[in-house]
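**Q** Predicted coordinates and the sequence they were generated for:
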Amino acid sequence: MPEPPVGKPLGVFGGTFDPVHFGHLRLAEEATFSLDLAGVRWIPAGQPLLRQAPQVSARQRLAMVRLATAENPAFEVDHTEVDNARASYTVPTLERLRQPDQLGQQRSLVLLLGADAFTGLASWHRWQSLLDLAHIAVAHRPGFPVDPGQLPAALASCYAERHSSDPAALGQSTAGRIVSFAMTQLAISATQIRELLASGCSPRYLLPDEVIAYIRDHHLYPEH
Ligand code: ATP
């Protein structure tokens, strides 16, 4: 019999956060309560090679996540992927977290994903190793229903085998289960915010004022 996990599960929330917005913040906040997490570790990705506007660096995305999460003691920010200055992949990131000098093997880890990210999971680098390292919790996202019938076959069978309707399953083992949770539906995306800024429109009330001030002070996402 494997040992039960030590402590409450920890949420792990990776993303580009280009920029971080209230959809991300509500996902992490609601996951903490719905899934009874000890907290959420935010992991901004390193610089993607193709999609990133060159004027927004990984360090600046990290700074915006720090500003957005600073007031919440249940949130911590992991800067390692940004320091690595290379493309980030989730399985190597989780392997790093499982090292003895990091979180080790006894902690339950829960990878938090929006439904759009989950439905694309089968295209991720070494995705089939993910559930050896962590549980997965899928947040409902407007416009992205999770319909097992529409998933690629390998992901659909993984979902059927691993899905649990009881979030308490996350506290009973260190990895391996898939749960979904309802969150306040916010049809906010970083793409929409970049587009608003590029066209000179206000993004106010879609993301924290501190982040908007940072964007303004650093001349990010300039109007064109
Ligand atoms: P972009 O528009 O640039 O693709 P994004 O808004 O989807 O960005 P990411 O940083 O790519 O943001 O997303 C990080 C994680 O947050 C992903 O798992 C994504 O599914 C989830 N997410 C982002 N926005 C929302 C939202 N409004 N509701 C629920 N989940 C969200």
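**A** Looks like it came in fine.
**Q** Name the residues of stretch 217-224 that are buried.
**A** Neighbour-count burial for stretch 217-224 flags 220-221 (criterion: 16 or more other Cβ atoms under 10 Å). (Glycine included, C-beta is placed from N, CA and C.)
**Q** Tell me the gap between it and the middle of its chain.
**A** Distance, stretch centre to chain centre, for stretch 217-224: 25 Å (Cα atoms, centre = their mean, to the nearest Å).
**Q** how about the residues of the chain that lie near the ligand?
**A** Applying Cβ under 6 Å from any ligand atom, we find that the chain lies next to the ligand at 15-18, 23-24, 27, 113-114, 116-117, 139, 141, 186, 188-191.
**Q** Please indicate which of those residues are buried?
**A** Neighbour-count burial (16+ other Cβ under 10 Å) applied to the residues of the chain next to the ligand gives 15-18, 23-24, 27, 113-114, 117, 139, 141, 186, 188-190.
**Q** Next step: these restricted to strands.
**A** 15, 113-114, 139 (DSSP state E).
**Q** CSV please, covering the residues you listed and showing pLDDT.
**A** Putting these into CSV (pLDDT from 0 to 100) gives the following:
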residue, pLDDT
Gly15, 95
Leu113, 97
Gly114, 95
Ala139, 95
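**Q** Going by distance to Glu161, which of these wins?
**A** Taking Cβ to Cβ as the measure, Glu161 sits nearest to Leu113 out of these, at 17.6 Å.
**Q** Surely Arg98 is in contact with Gln105?
**A** Yes. Using Cβ atoms under 8 Å as the test, Arg98 is close enough to Gln105 to be in contact (6.0 Å).
**Q** Of all the buried ones among the residues of the chain next to the ligand, the one with the weakest confidence?
**A** Lowest pLDDT of these: Arg141, 81.
**Q** Next up, the contacts around that residue.
**A** 23, 114-116, 185 (Cβ atoms under 8 Å, 6 or more residues apart in numbering).
**Q** how about Gln47, what does it touch?
**A** Gln47 is in contact with 57-58, 82, 85-87, counting by Cβ under 8 Å, 6+ apart.
**Q** helix/strand/coil for Val12?
**A** Taken by DSSP: H, G, I helix; E, B strand; the rest coil, the conformation at Val12 corresponds to strand.
**Q** how many other residues sit next to it?
**A** Applying other Cβ atoms under 10 Å, we find 26 residues neighbouring Val12.
**Q** Can you name the residue of the chain nearest to the ligand?
**A** Gly114 (2.0 Å; Cβ to the nearest ligand atom).
**Q** residues making contact with the helix or strand bottoming out on mean pLDDT in the chain?
**A** Counting by mean pLDDT, DSSP states H and E, the chain has its least confident helix or strand at helix 80-84, which shows a mean of 88. Helix 80-84 is contacted by residues 14, 43-47, 58-59, 61-62, 88, 93, 96 when judged by Cβ under 8 Å, 6+ apart.
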